[in-house]
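In: I need the structure of the sequence given here:
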Amino acid sequence: MSKFRALACALAAFPLSTFVLGATATTAAAKDPELIIKITRVRALDQPDAFSKGDFYAKVTINGESVTTPRVKQETSITPNWVISKKVKAGVVKVNLAVLDKDVSVDDPIDINRVDNKRDLDFTVNTKTRKVEGFSQTYKTGATISRAGKEKKAAEVTFVVTVKK
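Out: A predicted model of the protein is given here:
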């Protein structure tokens, strides 16, 4: 029996759906986009701590999975260029962005949201239309977004959301 005929017989033993589903899953996984959030600046608008400058870091949650950035010590304005990226399924992706101040006992959430009693940012990214929504205006991915809080321990955060296919 030739090698080709033996291979054909072996392949015939598998159901056709196995190959179609496997090929589809592999193709879909290869097409999953990467969501990238780059935090370019955090600037304190008031005193983050009673006796010191802020020790800022960010916590970004994408579709329920959180990533925490390194902390930058004792500054009131930083340009950290923190980059958080995650492969996501194509479509609408939920994002939460929080800036915190590292403290000895409990880390303080910094107010980066102009909505009263809401310190962090919740928004969605549509990887198909490349729109960032959840703010007073809709942004296209790649645009620079700045948001600032107005309550005690407020800061302005500047970031860019991109989608890479």
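
In: burial measure for Ile39, as a count.
Out: 23 (other CB atoms under 10 Å). C-beta here means a position set from N, CA and C on the backbone, and glycine is covered the same way.

In: and the helix or strand containing it, how far out from the chain's middle?
Out: Secondary structure from DSSP states H and E places Ile39 in strand 34-44. Strand 34-44 sits 9 Å away from the centroid of its parent chain (CA atoms, centre = their mean, to the nearest Å).

In: relative orientation of the helix or strand that it is followed by and strand 34-44 in degrees?
Out: Of the helices and strands lying after strand 34-44 in sequence (DSSP H and E), the nearest is strand 54-62. Orientation of strand 54-62 against strand 34-44 (axes from the mean of the first three to the mean of the last three CA atoms, to 10 degrees) gives an angle of 160 degrees.

In: how close does the nearest residue to Val125 once chain neighbours are set aside get to Ser66?
Out: Leaving aside its chain neighbours, Val125 sits nearest to Val93 (4.7 Å; criterion: CB to CB, 6 or more residues apart in numbering). To Ser66, Val93 is 14 Å away according to CB to CB, to the nearest Å.

In: of these two, which one has the most company?
Out: More crowded of Val93 and Ser66, by other CB under 10 Å: Val93, with 20 against 11.
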